[in-house]
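Colleague: Requesting a structural model of the entry that follows:
(chains A, B, C and D)
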There are 2 protein chains.
Amino acid sequence: MRPPTIKDVAEKAGCGIATVSRVLNGTGSASMETRRKVLAAAETLGFEFSALGRSLQSSSTRTIGCIVPSLANPVFAEVVQAAQHEGHREGYQLILACSEYDEDLELQAVRTLIAKQVDGIILTVSNAETSEALELICDRRLPCSLVYNRPVRGLPAWSVDNRFAAREAARAFHAHGHAQTGFLALRFNRSDRSRERYEGFVEACLDLGMAAPLLLEIEEQEGKLLELLGALLAEHDTLTGIFASNDFLALAAMKAARDLGRHIPENLSLIGFDGISTGLLVDPHLATIETNPRIMGRGAVATVLARLQDRLPPGQPDPGTTFRFRPGGSLGPPDPGRTDGREAATSLPSSEQPL
Amino acid sequence: MRPPTIKDVAEKAGCGIATVSRVLNGTGSASMETRRKVLAAAETLGFEFSALGRSLQSSSTRTIGCIVPSLANPVFAEVVQAAQHEGHREGYQLILACSEYDEDLELQAVRTLIAKQVDGIILTVSNAETSEALELICDRRLPCSLVYNRPVRGLPAWSVDNRFAAREAARAFHAHGHAQTGFLALRFNRSDRSRERYEGFVEACLDLGMAAPLLLEIEEQEGKLLELLGALLAEHDTLTGIFASNDFLALAAMKAARDLGRHIPENLSLIGFDGISTGLLVDPHLATIETNPRIMGRGAVATVLARLQDRLPPGQPDPGTTFRFRPGGSLGPPDPGRTDGREAATSLPSSEQPL
DNA sequence: ATGAAAGCGCTAACAC
DNA sequence: GTGTTAGCGCTTTCAT
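Modeller: Reported below is the predicted structural model:
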């Protein structure tokens, strides 16, 4: 019941294994007669080349590794989907690993992928600057491309300039008259993207004369997210706007705020990051910094493949076009009369009452 | 610059390759002295076994293939994530392929995975009953488990009984007084799950004395979904409730209905299928048939691994617990006085006006 | 305790 | 045009 090998085919066709290889690969020449016999033998046996033997010989597995933090975030699901698709176009398979934002798992995954002799790797790491996983990849001269991480060690990276992009959020809040905002982060110490967004946001807020945003960190606890968010929002009810480090978090915050009786955006404005499609299904729409995960995934794989095939790597998009502020009803002017954020409509001091 | 092999280590340690293999694998015995030298040599060279040579020899790649229609649907993203995680626990890697609901791609993916000598496969196919991909897997006696498809050909399957589950939707509509409903499907002919849900829904509706649900099929066109949905809903504005073949579609329909000025659930009630978390972030919550993709992904891999290791396969959950109706504000009694679905509040005939 | 050698499936270089 | 063979990296007898 073991799969047929080239030897079986050769035997059945009454010829040498080299001939089989030549015929089936269309390399070298063969007489009409043997060609026919080989083809027939392969057909009846249901023969397929073993990628293993082939790889061992060619030292190319036509396989690329892909490490992402999690597929729970649609951004990475899209990255992976696009990467798989792009690889498939060139006959490459994807080996997937999820690091769960854990640097040990990242390193372990890289080791495994190296052992599996992948031809290249695309990955998003927690902290690009200090990543041991990246160090190992570089040591091994393994073709690779970062995704969503900023370029480090001279590695190609398909990403957005998080600091720069985050400034848009500050600008948007400022344009709507917000003064005291917060930055909401889920795994702050395990995502350099998140920290960069925070830094850019803080800088821009200060530049615009707004107060420095409050950092609202939250630690993940299975199924407790909404609860924790609710507590956090209740505690910081003077903030008029929150910039979340990703859309998923922003949507969860929106939900938590509503459960607290707040109105969006009158009592609390929200801006997310990523631009996932779910943001357009909720009411009001989530304002966000839209990025394009598909282009990232596709580009990263294309870059690695180009390197493998000695081609010119694809041009990366102009940094200015890697993101774009997407307006949405979750952002609006703060209710000028709000005192505790819950009873804005009834507690307006008459002097500030709007027309 | 090629990675070090066992031969390099042997040379550096001044011994044979067999000894290196024995020491590094902890199999067989070796003197303290050589053991030390081998370990040192491996360390300085940064040696790692090549999975390729090893697999060729052992005819086990410690790799399992995973074919899903798409990662755009969070259900499959979760399946894959769980599968990857479960495999990782036992030292197995996942090779991912997305079929995009295309049977040719499914077959092609299976071929590739076979060539890659995966030890097993977990997959969701478009049409389990007639799938050539499954046929090939069976021919090859490749350990495998279906996910979300009903069991066929005696293959293990981690799935829900779609027909049975769909009856819950009918029951829920009935309990709220709906009489004329529709079933909304995205790729009806490319998803046996969808068709089974439809069939179960129709049966149950008739059983309950409701009208046979209208089948609302929609063909995917990149980015046109909401538009198409809007047109469809406008056309069929006599329906008071719609059961969607999955949550994503239900949420999109909710959005489209709102864009048409309909109120949920007064003008239109919606029930989805899957139970994705997004359904809890919208307002009102999406009523749905909740399933557990993680258990499916994990179970499928565990089943395959059990077969590979001659262990007893994990017990599947009681069919009654594979799904559960999750109530949500998207389902409510139909507005009794609605005429065209848009002006219910103002067009109530006084005789039917509620207290 | 340890080395030599066969063999896993394949490709390519070399004979004929 | 076609067969023989070496060798890719490894594990596993089988001698020693």
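
Colleague: Would you map the strands across the stretch 101-250 of chain A?
Modeller: Counting by DSSP state E, counting those that start in this stretch, the stretch 101-250 of chain A has these strands, from start to end: A:120-123, A:144-147, A:157-158, A:181-185, A:214-217, A:241-244.

Colleague: closest to DNA strand D out of these?
Modeller: Closest to DNA strand D of the strands of the stretch 101-250 of chain A, according to C-beta to the nearest atom of the strand: strand A:120-123, at 17.8 Å. All C-beta atoms are positioned from the backbone trio N, CA, C, and that covers glycine.

Colleague: Dump the closest one to PDB, restricted to CA.
Modeller: What follows is strand A:120-123 as a C-alpha-only set of coordinates in PDB (Å, rounded to 0.1, in the frame of the first residue of the first chain):
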ATOM      1  CA  GLY A 120      11.900  31.100   2.400                       C
ATOM      2  CA  ILE A 121       9.900  32.600   5.200                       C
ATOM      3  CA  ILE A 122       7.500  35.400   5.600                       C
ATOM      4  CA  LEU A 123       6.600  36.500   9.100                       C
END
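
Colleague: I'd like the mean pLDDT over that strand, please.
Modeller: When pLDDT is averaged over strand A:120-123, the result is 98.

Colleague: Over to stretch A:245-255?
Modeller: pLDDT averaged over stretch A:245-255 equals 96, rounded to a whole number.

Colleague: residues making contact with that stretch?
Modeller: Contact with stretch A:245-255 is made by A:73-75, A:183-186, A:188, A:191, A:193-194, A:197-198, A:218, A:225-226, A:229, A:233, A:242, A:244, A:264, A:270-276, A:278-279, A:282, A:286, A:288, A:330, B:278, B:280-281, B:283, as judged by C-beta atoms under 8 Å, 6 or more residues apart in numbering or on different chains.

Colleague: what does stretch A:306-313 give?
Modeller: A:60, A:119, A:120, A:143, A:156, A:302, A:303, A:305, A:314.

Colleague: and of these, the nearest to residue B:326?
Modeller: For residue B:326, the nearest member of these is residue A:302. The distance, counting by C-beta to C-beta, is 41.3 Å.

Colleague: For the closest one, which non-adjacent residue is spatially closest?
Modeller: Nearest-residue entry for residue A:302: residue A:314, 4.6 Å, with adjacent residues in sequence omitted and distances by C-beta to C-beta, 6 or more residues apart in numbering or on different chains.

Colleague: Give me the distance between the closest residue to DNA strand C within the stretch 201-350 of chain A and residue B:64.
Modeller: With C-beta to the nearest atom of the strand, the shortest gap between the stretch 201-350 of chain A and DNA strand C falls at residue A:309, namely 15.1 Å. Distance of residue A:309 to residue B:64, given as C-beta to C-beta, to the nearest Å: 28 Å.

Colleague: do the same with residue A:169
Modeller: The spacing between residue A:169 and residue B:64, counted by C-beta to C-beta, is 42 Å.

Colleague: what's the answer for residue A:304, then?
Modeller: For residue A:304, the distance to residue B:64 equals 23 Å [C-beta to C-beta].

Colleague: Name the helix or strand for the most centrally placed residue in chain A, please.
Modeller: Among the residues of chain A, the one closest to the centroid is residue A:76, at 3.5 Å (C-alpha atoms, centre = their mean). Remark: residue A:76 resides in helix A:74-89, with elements defined by DSSP states H and E.

Colleague: How about that helix, which residues are buried there?
Modeller: Residues A:74-88 are the ones in helix A:74-89 that count as buried (16 or more other C-beta atoms under 10 Å in any protein chain shown).

Colleague: Of those, which are in range of chain B?
Modeller: Filtering these for neighbours of chain B using C-beta under 8 Å from any C-beta of the partner chain leaves A:74, A:77, A:78, A:80, A:81, A:84, A:85, A:88.

Colleague: OK, contacts around the first one?
Modeller: This means residue A:74. If a contact means C-beta under 8 Å, 6+ apart, then residue A:74 has A:248, A:274, A:276, A:277, A:278, A:293, B:72, B:74, B:77 as its contacts.

Colleague: The fifth one too?
Modeller: Residues in contact with residue A:81 (C-beta under 8 Å, 6+ apart) are A:294, A:297, B:70, B:71, B:72, B:98.

Colleague: Kindly recompute the last result at 10 Å.
Modeller: With contacts taken as C-beta atoms under 10 Å, 6 or more residues apart in numbering or on different chains, residue A:81 has the following neighbours: A:71, A:74, A:94, A:293-294, A:297-298, B:68, B:70-72, B:76-77, B:96, B:98, B:100.

Colleague: Those in helices, which ones?
Modeller: Helix and strand membership here follows DSSP state H; of the contacts of residue A:81, those in helices are A:74, A:293, A:294, A:297, A:298, B:76, B:77.

Colleague: what's the most distant pair in the residues you listed?
Modeller: Comparing every pair within these by C-beta to C-beta identifies A:298 and B:76 as the most remote, at 19.3 Å.

Colleague: if we can go back for a sec, ok, and the most crowded of the contacts of residue A:81?
Modeller: Neighbours here mean other C-beta atoms under 10 Å in any protein chain shown. Within those, the largest count is held by residue A:297, at 31 neighbours.

Colleague: Setting aside sequence neighbours, what's the nearest residue to that residue?
Modeller: The shortest distance from residue A:297 to any non-neighbouring residue, by C-beta to C-beta, 6+ apart, is to residue A:82 (3.4 Å).

Colleague: The one you found contacts residue B:70, correct?
Modeller: No: assessed by C-beta atoms under 10 Å, residue A:82 is found out of contact with residue B:70, at 11.4 Å.

Colleague: hey, what's in contact with both of those two?
Modeller: Common neighbours of residue A:82 and residue B:70 (criterion: C-beta under 10 Å, 6+ apart): residue B:98.

Colleague: before we move on, what SS does the residue lying closest to residue A:295 once chain neighbours are set aside have?
Modeller: With C-beta to C-beta, 6+ apart as the measure, residue A:317 is the residue that lies nearest to residue A:295, at 6.7 Å, once sequence neighbours are left out. Under the three-state scheme (DSSP: H, G, I helix; E, B strand; the rest coil), the conformation of residue A:317 reads as coil.
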